[in-house]
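1. generate coordinates for the sequence data below:
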Amino acid sequence: MIFVTGGTGLIGTFVLRELRQRGLAVSALYRGAKPPDDIAAGIDWLQGDLLDTTLLAEALTPEVTHVLHCAGLVSYAPQDEDELLRVNVEGTAAIVDACLRRPSIRLGYVSSVAALGQAPAGAATGAPLLLDETATWDLGASHSAYATSKYLAELEVWRGIAEGLSAVIVNPSVVLGPGDWHRSSTRLLRYAYDEHRFYTQSQLNFVDVRDVVAQLLCLTLELPTLPPARYILSGGACALGSFLTQTALAFGRRPPRTAVPDWAAEVIWRLEHVRSVLTNARPLITRDTARAGRQPLVYEARKAQLATGLAFRPLAETIAWLAQTLETNRTARPTVVT
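-> Next comes the predicted model:
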């Protein structure tokens, strides 16, 4: 039996589909609306919250051999800082504690490249900076609340490992998949589809959701003797403008044409902050999203490839798949699940 959290999210949905295709017994946790029929069949669903320790204890029955912790909150809105800590940090701590009560369980945790930190202070601009799993978190640097929450969540997993937990951590970059048209990374696809004119001069590291699932399952289920470690999952990097252009053309739409200079992005996010405060609405752009990708970073995923023997799909293949899927399903399931 494999227990999955975040089973109705983007990664969790594909995890469940793959486990079901393999004929494995699966139970999954969800908090909100009942999972749709196309992913609910064959799954033993439990409704509840990650912080419900009684529920987790009941969910991890003696039959459970693996836990895939895919649940998490992705947000760069200032008003979500407390919720990010509650879901990503406290929720992961609760999962780790529940697993520690069952010494035979192996945990696969879906983290993020955000937990690696950012470019070191004083790093040269221009040429891309390569980051791998040895990157260290700079406690003195400025980090987004989301990145901080994923870093602290990883510390909870390492705490469990120190107490004897068998675990592996995967750190995907921006996950591309046919999720909710209005949320998380899928909003990039919607932005291209809606024929917006502007784009920021930043860089995007990407990975196909199907590759995330394949790597996660291989590292957690198929390679049980691997020692505890983190593995970056990334298919490559490209300029955001190029990504939006390729995506728009795949949809048959007009690509963006005007690059927004950094100074204009700084003005826009400040105006958006004022608007959100006055109207109590969520900002369309924040300081963190406005500044994301300015320092060219490339995440090195060779460690995962060597461990699993699995390659990552090229961007063109992923975009073609997404355009075909989302053109007929732009109201897909939420990608942010707690």
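2. can you pull up the bridge partners for residue 168?
-> Counting by DSSP bridges, residue 168 forms beta bridges with residue 108.
3. in contact with it, which residues are there?
-> Residues counted as contacts of residue 168 (C-beta atoms under 8 Å, 6 or more residues apart in numbering) are 106, 107, 108, 109, 219, 220, 226, 228, 229, 230, 231. (C-beta placed from N, C-alpha, C; glycine too.)
4. for these, give me TSV that also has secondary structure, neighbour count and pLDDT.
-> Converted to TSV, the contacts of residue 168 look like this (DSSP: H, G, I helix; E, B strand; the rest coil; neighbours: other C-beta atoms under 10 Å; pLDDT from 0 to 100):
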residue	secondary structure	neighbour count	pLDDT
106	strand	20	97
107	strand	25	98
108	strand	25	98
109	strand	26	98
219	helix	23	97
220	helix	22	97
226	coil	16	93
228	coil	16	95
229	coil	15	95
230	strand	22	96
231	strand	23	98
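5. nearest to residue 178 among the residues you listed?
-> residue 108 (22.4 Å; C-beta to C-beta).
6. could you measure the closest one against residue 298, distance?
-> 25 Å (C-beta to C-beta, to the nearest Å).
7. what residue ranges in the protein score low on pLDDT?
-> 118-127, 182-184, 264, 269, 273, 282-295, 327-338 (pLDDT under 70).
8. if I've got this straight, residue 130 is in a strand?
-> Yes. Applying DSSP: H, G, I helix; E, B strand; the rest coil, one finds residue 130 inside a strand.
9. which residues does the residue lying closest to residue 169 once chain neighbours are set aside contact?
-> The spatially closest residue to residue 169, leaving aside those adjacent along the chain, is residue 230, at 4.1 Å (C-beta to C-beta, 6 or more residues apart in numbering). Each residue near residue 230 by C-beta under 8 Å, 6+ apart is listed here: 111, 133, 154, 168, 169, 170, 171.
10. of these, which belong to helices?
-> Those of the contacts of residue 230 mapping onto helices are residue 154, per DSSP state H.
11. which of the contacts of residue 230 count as buried?
-> Among the contacts of residue 230, those classed as buried by 16 or more other C-beta atoms under 10 Å are 111, 133, 154, 168, 169, 170, 171.
12. and residue 215, backbone torsions?
-> For residue 215, the backbone dihedrals (degrees, to the nearest 10) come out as phi -70, psi -40.
13. what are the bridge partners for residue 29, then?
-> Under the criterion used (DSSP bridges), residue 29 bridges to residue 5, residue 46.
14. wait, it sits on residue 46?
-> Yes. In this structure residue 29 lies within contact range of residue 46 using C-beta atoms under 8 Å: 5.2 Å.
15. how about the strands in this protein?
-> 2-5, 26-30, 44-47, 66-69, 106-110, 129-131, 166-172, 174-176, 198-200, 203-208, 230-233, 236-239, 258-260, 297-299 (DSSP state E).
16. which one of those lies closest to residue 309?
-> That would be strand 230-233 among the strands of the chain, by C-beta to C-beta, at 13.0 Å.
17. mind checking how far that closest one is from the chain centre?
-> 12 Å (C-alpha atoms, centre = their mean, to the nearest Å).
18. okay, and the common contacts of residue 29 and residue 46?
-> Counting by C-beta under 8 Å, 6+ apart, the residues touching both residue 29 and residue 46 are 55, 59.
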